[in-house]
Structure formats: structure tokens, C-alpha cells
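Participant: Next come a sequence and a model predicted from it.
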Amino acid sequence: MLTVRAPATSANLGSGFDVFGVALSRPADIVRVSKADETTIEVTGTGSEYIPEDPEKNTVGAVAEALDAPAHIEIDKGIRPASGLGSSAASAAAAAVGLRDLYDRDYTREELVPIAAEGEAVVSGEAHADNVAPSILGGFTVATPDGITQVDTSIPLVACLPETVVSTRDARRVVPDRVDMNDVVETVGNAASLTVGMCRGDPELVGRGMADPMVTPARAELIDGYDAVCLAAREAGATGVTVSGAGPTVIAACRAGDRRAIGSAMLDAFAEADITARAFRTRVGEGATVY
Ligand SMILES: Nc1ncnc2c1ncn2[C@@H]1O[C@H](COP(=O)(O)OP(=O)(O)OP(=O)(O)O)[C@@H](O)[C@H]1O
Ligand SMILES: N[C@@H](CCO)C(=O)O
């Protein structure tokens, strides 16, 4: 038996829709894999009552199929599903890394990314790599059709998860079909700033580069209290705030010493809107770890 810890992730970071992703130092899923004649799945932990154990409906089932690696897979969820924190992707990433090692398959971590992305297709209908890439590789990742570029960094973050639910499918329906060229130019500039900020380990530049006039405004409408939470985070010292993944988590970049104050301010703002939430004081961290 092998045990793998795969981290939560935040995709998009505002200006990098369907391209940027970061691994978070916490929370994480713990996945245990043992060889079996056919794949069976057991799910416990946060939100497990909403996660199917049928291998055809769980992201880890598609990964076991793609690797031709039947196994009994136990998933202990530390990441709530439909959170915007790459919950379904973390399980897929853990399964890909764990089953590769269990069956001695000859894949690099980079080659496991498209395999784990097949798991994401089970959930959202499309094989996105922007969550599975950082969950496998760690750090900041840029996912394009040509492959993944990865940078190790450790920008401090606060991820504030309200008890409400937004499914990735719903959040993709509100993405505009057409965009204004001025908004494209602004977004390209922000994405470039964010990338340089990640490479330099500069939270100021990362925060500034998270602004996005194209996708985030439409998705913010799906999150009650969003504007007040962003304002509260900024007033407490956040350098930038945006929707994490498809939401409803709201994520703030900041300096390490400001995380506690920012987390409290975000929780208070959600509470003002009568919404219970949980704040993770986290940072950009490592990819999946095998124990
Ligand atoms: N192993 C798994 N872990 C979590 N959710 C799973 C898993 N397998 C299937 N699902 C299903 O995936 C859906 C949640 O995935 P979704 O992509 O909407 O959320 P997320 O992974 O938290 O967010 P995001 O991709 O926006 O960061 C739920 O319907 C859940 O039942
Ligand atoms: N890039 C994806 C991440 C969620 O899977 C989205 O924002 O829809």
C-alpha cells in the first residue's frame, strides 16, 4: 500500500483563466492505493457524502483506467468538493502519482499531468490541466496546449471558503463568449506582471497581476458577499484578491505577516452577509508527496 498527500490548488489567479495554477501548502487530500483485481473506491472526510464511489464517476477511477492500474483506492478528503480549491483534481493527482509508483509505471511527473486531467474530464466534461498540474508538480504552473511550465515559489495566500457551493459546470456557463480588445490588453499586462511576481517571489506584483476584467466579474455574481470580502481583504493588507478556481473560495495574495488579519477580515465580511466561512492561512507550496 502507498499513501499520497496531494495539495489543494487555486487555478486562474484572475488574469490566467484556464492557464495559471498554484499548489497550496494546505488543505490537502490523503489517498491510499493498494493493488487489486478491479478498481474500488472508498471516500471519507469533508464533503464525502457528495462524492461518488463509482469508479466511472470519481476522478480517481479514470486515472486508474488510464494507467491500467486497478486498485483499491481510499480517499480521505481534506478539500471540500465544489470549493474552487481543486478538490476533484487533488484526488486525481494523488491517484496518478500513487498508482504510477505502486505499479512501477515509467512516467515522469510531467507525463502524469494529462493522465490526471482525464480524471477532471469525468467531472467537468473537459480535461483541464490547470489544477492537476500544480497538485502534481507544486509551485506556480502555466498550462498551455504545448505543455506545462513550472516555477517553485512560496507567495503567502489566504483562501477563504464560504459554506456555499458553486459547481465548475455552472461557473463555466457564465464566462462571456466575446471580450473587448481593451480588456484583453489589460489582462495580458496583468498576467505578465503576475508571472514576473511569481518568479521574483514578490507578493505586491502577484497581487497587482491578479486583476481580471474578463472572467472574474461574471463569476463574482455567483458568490454572495464577494465585493465586501474583497474590500475587507484589501483593507487588511491583501495585495490582490480574486475568485479561486470556479469559486466560491475567494483567494488573497499578501505578505506573510498579514495573513491572520486578512483571514479575520474576510470571515467577518462573509458573516455580515450571514455566510459561515473558513479561512486557510496558506502559501504556494509543494506538489504531491508519497509516504
Ligand atoms: N475524488 C473526488 N473528489 C472531489 N470531488 C469529486 C471526486 N470525484 C468526483 N467528484 C465530483 O466533482 C465535483 C466537484 O468538482 P468541481 O470541479 O466542481 O470542484 P472543485 O474541484 O472543488 O473546484 P475547482 O476545480 O473549481 O477548483 C463534485 O460533483 C464531486 O462529486
Ligand atoms: N480553470 C477552471 C478551473 C476549475 O476547474 C475554471 O476556472 O473553470
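Facilitator: Structure's in. What do you need? Model, not experiment: these values are computed from the prediction. Ligands and ions are numbered 1, 2, ... in the order given.

Participant: What residues does the stretch 101-250 of the chain have near ligand 1?
Facilitator: For the stretch 101-250 of the chain, the residues in contact with ligand 1 (Cβ under 6 Å from any ligand atom) are 123, 124, 131, 167, 168, 245, 246. Quick note: C-beta positions are derived from backbone N, CA and C, even for glycine.

Participant: so what's the nearest residue to the fourth one once chain neighbours are set aside up against?
Facilitator: With Cβ to Cβ, 6 or more residues apart in numbering as the measure, residue 82 is the residue that lies nearest to residue 167, at 5.2 Å, once sequence neighbours are left out. The neighbourhood of residue 82, defined by Cβ atoms under 8 Å, 6 or more residues apart in numbering, consists of 47, 50, 165, 166, 167, 168.

Participant: Put the buried members of those into a ChimeraX selection.
Facilitator: Command for ChimeraX that selects the buried part of the contacts of residue 82, burial taken from 16 or more other Cβ atoms under 10 Å:
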select :166,168
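
Participant: Assign the residue of the stretch 101-250 of the chain found nearest ligand 1 to helix, strand or coil.
Facilitator: Nearest residue of the stretch 101-250 of the chain to ligand 1, counting by Cβ to the nearest ligand atom: residue 245, 2.9 Å away. Per DSSP: H, G, I helix; E, B strand; the rest coil, the secondary structure class of residue 245 is coil.

Participant: Buried ones in the lowest-mean-pLDDT helix or strand in the chain, by neighbour count?
Facilitator: In the chain, the helix or strand scored least confidently by mean pLDDT, DSSP states H and E is helix 168-173, which has a mean of 87. Applying a neighbour-count criterion of 16+ other Cβ under 10 Å, one finds 168, 171, 172 buried in helix 168-173.

Participant: contacting residues around the last one?
Facilitator: Taking Cβ under 8 Å, 6+ apart, we find residue 172 in contact with 124, 246.

Participant: among the residues of the stretch 101-250 of the chain next to ligand 1, which are in reach of ligand 2?
Facilitator: 124, 131, 168, 245, 246.

Participant: isn't residue 201 right next to residue 153, touching?
Facilitator: Yes. Counting by Cβ atoms under 8 Å, residue 153 is a contact partner of residue 201 at 5.5 Å.

Participant: more neighbours, these two?
Facilitator: Using other Cβ atoms under 10 Å as the criterion, residue 201 and residue 153 rank with residue 153 on top: 19 against 14.

Participant: quick one, strands of the stretch 1-150 of the chain?
Facilitator: Secondary structure of the stretch 1-150 of the chain (DSSP state E, counting those that start in this stretch): strands at 2-11, 20-35, 40-45, 71-77, 140-144, 147-151.

Participant: which stretch among the ones you listed comes nearest ligand 2?
Facilitator: Nearest to ligand 2, of all the strands of the stretch 1-150 of the chain, is strand 2-11, at 3.9 Å by Cβ to the nearest ligand atom.
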